[in-house]
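Novice: Pasting the sequence and the predicted model now:
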Amino acid sequence: MISNANNAWVLISAALIMFMTVPALGLFYGGLVKKKNVLSLMMQSFVCLLVVSLLWVIVGYSLAFSPGELIPGVLGDFRWTLLNGIGPMDPSPYVVSDPKGPVAHLTFVIFQCMFAVITPAVISGAFAERMKFSAYLTFSVLWLFVVYIPLAHMAWSVHGLFAQQGLMDFAGGTVVEINSGFSALAGVLMLGKRRNLKPLPPHDLTYTAIGAAMLWFGWFGFNAGSGLAADGLASSAFVATNTAAAAAGLVWALLDWFLQKKPTILGAVTGAVAGLVVITPAAGFVTVGGALVLGLVAGAVCFLFVVYLKARFGYDDSLDAFGVHGVAGVLGTLGVGLLASPVITAPFGMNGGHGFAGVFSGNPAALGLQFEATVTAMVVAFLGTLAVFAVVKATVGLRVTEKEEAIGLDITQHNEKAYTLIE
Amino acid sequence: MKLIIAIIQPFRLEEVKQALYAAEVQLITVSEVLGHGRQGGATEVYRGSRETGNLLRKIRLEIAVNDDYVDRTLKAIIAGAKTGELGDGKIFVYNLENCIRIRTEESGPGAIG
């Protein structure tokens, strides 16, 4: 029997995640670029919602989550093409903390759809201000099939390679965060740097601050919805999410203050996003103390990465998709292997009633699987993206011309501009 | 003393600035303006309606220089702004009657640089 209470919460969560893609991510990224490119960033997020939504209901969901294995452990089959055979009264085959109260199967479909929508949109930040729209669009379609769907299947589907072994990835540390981060890194290496690259002030940090706040808001659905129930585990994940985000945002702002002279709003919001990323795989497995530790570590490590190390490596990850999502995704996925506490999951009968335990709760084996999944996600994302980029480069080409880059993507790719000087 | 006003393509601003710095012309005022010359305005499409004759975004530079700096300033602007296509812009050179540095109240050629 479908639980209407659980169903209501997960539907709301799906809507919250949709809100993270547009407008939150579009605003967050759009504010950081030059004003001649702001619409191109918003379009790149919006088009993910358009295209991935369709691909997902046509074949994406079926390949990612159906139990028939075209490639065992890696890819499902076509049985749920166009959601064929999934009726409105069917309970979801996927449950987490409340096996007796599944949501509707269609609720699970659309909840997972929003994860697939936001992941390529996160990557778009790395390609900002220089990639052709046609190239981005082709990339996001191919990438969904080559990289996202196999990783989602491995981590979350019933017969998934890592799901079967008891991988702890509550809301997508591997599938969304490590994946988007390392895909972004592979992409920027293929794409090259922006021309005239130099530190320029973001054109409108108010957008970025508003976007980050909306991301935080939406992330409650992302993480607290991932238990697929409106129960105490959702509350626990909600509290953990809020705690990690607050800790990481505060750490970044303080490091700004001590090491860069002033506490910046850009630093505070970037840190908060790093905290939200790091808690994503761990939200339903760690205590509030664990969340606090993860948030503090993510704020400090991502700060070091973005502020000091990125310049030294010399790659152009325009909006730090790798420095925030890749780095904090790794920290969170490994961190939950250390910090998972059965106190959180045992009361829900999860993992055969024992709950999920990390190294610090007496389960030294936990870290091995987390490590294996982390490396797999890195490799699949990095190599898969290199392959997809090679195809895009050979067919539609990757970059706009030098002149188009100088004029801006809004006019050259979309023939629109965001702001007028005189009406 | 001359006042040089140049209208250039926004996407050439960086090159013009670098060329001016290389010519040791360091003091410039930049503003964003709208207008068009012979190339006409832009056509943009919003929800299917074509908006023609839109004024184009341009950059206006104002540079006050002493007479011995005029040539190199003009050359630098041209070197940075020229693409050879319609819309590259124009340079206007005016005689400048006086220049006063507000901080020290000195005036004339000594106040320019």
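Specialist: The structure has been received and is ready for your questions. Quantities reported herein were computed from a predicted structural model and do not represent experimental measurements. Residues are numbered from 1 along each chain as shown, chains lettered A, B, ... in the order given.
Novice: for chain B, which helix is longest?
Specialist: Using DSSP state H to assign secondary structure, the helix with the most residues in chain B is helix B:70-81.
Novice: now check the next helix or strand after that one, is it near chain A?
Specialist: Downstream of helix B:70-81, the first helix or strand assigned by DSSP states H and E is strand B:89-95. No: Strand B:89-95 lies apart from chain A when judged by Cβ under 8 Å from any Cβ of the partner chain; the minimum separation is 14.4 Å. Backbone N, C-alpha and C define where each C-beta goes, glycine included.
Novice: burial of the residue in chain B positioned nearest to chain A, as a residue count?
Specialist: Taking Cβ to the nearest Cβ as the measure, chain B has B:F11 as its residue closest to chain A, at 3.4 Å. By the other Cβ atoms under 10 Å in any protein chain shown criterion, the neighbourhood of B:F11 contains 21 residues.
Novice: go on, A:I178?
Specialist: Residues lying near A:I178 (other Cβ under 10 Å) number 34.
Novice: go on, the one 5 residues further on?
Specialist: Applying other Cβ under 10 Å, we find 33 other residues in the vicinity of A:S183.
Novice: Give the buried residues for the least confident helix or strand in chain A by mean pLDDT.
Specialist: Of all the helices and strands that make up chain A, helix A:310-313 has the lowest average by mean pLDDT, DSSP states H and E, namely a mean of 82. When burial is assessed from 16 or more other Cβ atoms under 10 Å in any protein chain shown, helix A:310-313 yields the following buried residues: A:K310.
Novice: Same question for stretch A:165-182.
Specialist: Taking 16+ other Cβ under 10 Å as the criterion, stretch A:165-182 shows A:167-182 as buried.
Novice: just checking, which of those belong to strands?
Specialist: By the criterion of DSSP state E, membership of those in strands covers no residue at all.
Novice: and those, which of them are in helices?
Specialist: Per DSSP H, helices hold the following members of these: A:N179, A:S180, A:G181, A:F182.
Novice: Low-confidence stretches in chain B?
Specialist: Along chain B, the parts satisfying pLDDT under 70 run over B:48, B:51-53.
Novice: what about whichever residue of chain A sits closest to chain B, which helix or strand?
Specialist: Nearest to chain B in chain A, going by Cβ to the nearest Cβ, is A:A406, at a distance of 3.4 Å. With secondary structure defined by DSSP H and E, A:A406 is part of helix A:402-407.
Novice: A:A171 contacts A:G227, correct?
Specialist: No: taking Cβ atoms under 8 Å as the contact criterion, A:A171 and A:G227 are not neighbours in contact, 9.0 Å apart.
Novice: max-length helix in chain A?
Specialist: Under DSSP H, chain A gives helix A:366-395 as its longest helix.
Novice: What is it packed up against?
Specialist: Where contact means 3 or more Cβ pairs under 8 Å, 6 or more residues apart in numbering or on different chains; DSSP states H and E, helix A:366-395 is packed against helix A:133-143, helix A:149-156, helix A:179-191, helix A:327-339.
Novice: would you list those helices in JSON lines and tack on mean pLDDT and distance to chain B?
Specialist: Listed next are the helices and strands packed on helix A:366-395 as JSON lines, based on pLDDT from 0 to 100; distance: least, Cβ to the nearest Cβ, whole Å:
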{"stretch": "helix A:133-143", "mean pLDDT": "97", "distance to chain B": "15"}
{"stretch": "helix A:149-156", "mean pLDDT": "95", "distance to chain B": "35"}
{"stretch": "helix A:179-191", "mean pLDDT": "95", "distance to chain B": "20"}
{"stretch": "helix A:327-339", "mean pLDDT": "97", "distance to chain B": "31"}
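Novice: and those, which is most packed in?
Specialist: Between these, helix A:327-339 has the highest mean count of neighbours, a mean of 27, where neighbours are mean count of other Cβ atoms under 10 Å in any protein chain shown.
Novice: Give me the average confidence score over stretch A:102-115.
Specialist: pLDDT averaged over stretch A:102-115 equals 98, rounded to a whole number.
Novice: and the gap between A:V147 and A:V175?
Specialist: Counting by Cβ to Cβ, to the nearest Å, the gap from A:V147 to A:V175 is 10 Å.
Novice: again but with A:P88, I slipped
Specialist: 27 Å.
Novice: about what we covered before: please point out which parts of the longest helix of chain A sit buried.
Specialist: Residues of helix A:366-395 classed as buried by neighbour count (16+ other Cβ under 10 Å): A:366-367, A:370, A:373-374, A:376-378, A:380-382, A:384-385, A:388-389, A:392.
Novice: so what's the backbone phi/psi at B:V65?
Specialist: With angles defined as degrees, to the nearest 10, B:V65 sits at phi -140, psi 160.
Novice: again with B:R60
Specialist: Dihedral pair for B:R60: phi -110, psi 120, per degrees, to the nearest 10.
Novice: Please report the number of neighbouring residues for it.
Specialist: Neighbours of B:R60 under the rule other Cβ under 10 Å: 15.
Novice: repeat for B:S31
Specialist: B:S31: 9 surrounding residues under other Cβ under 10 Å.
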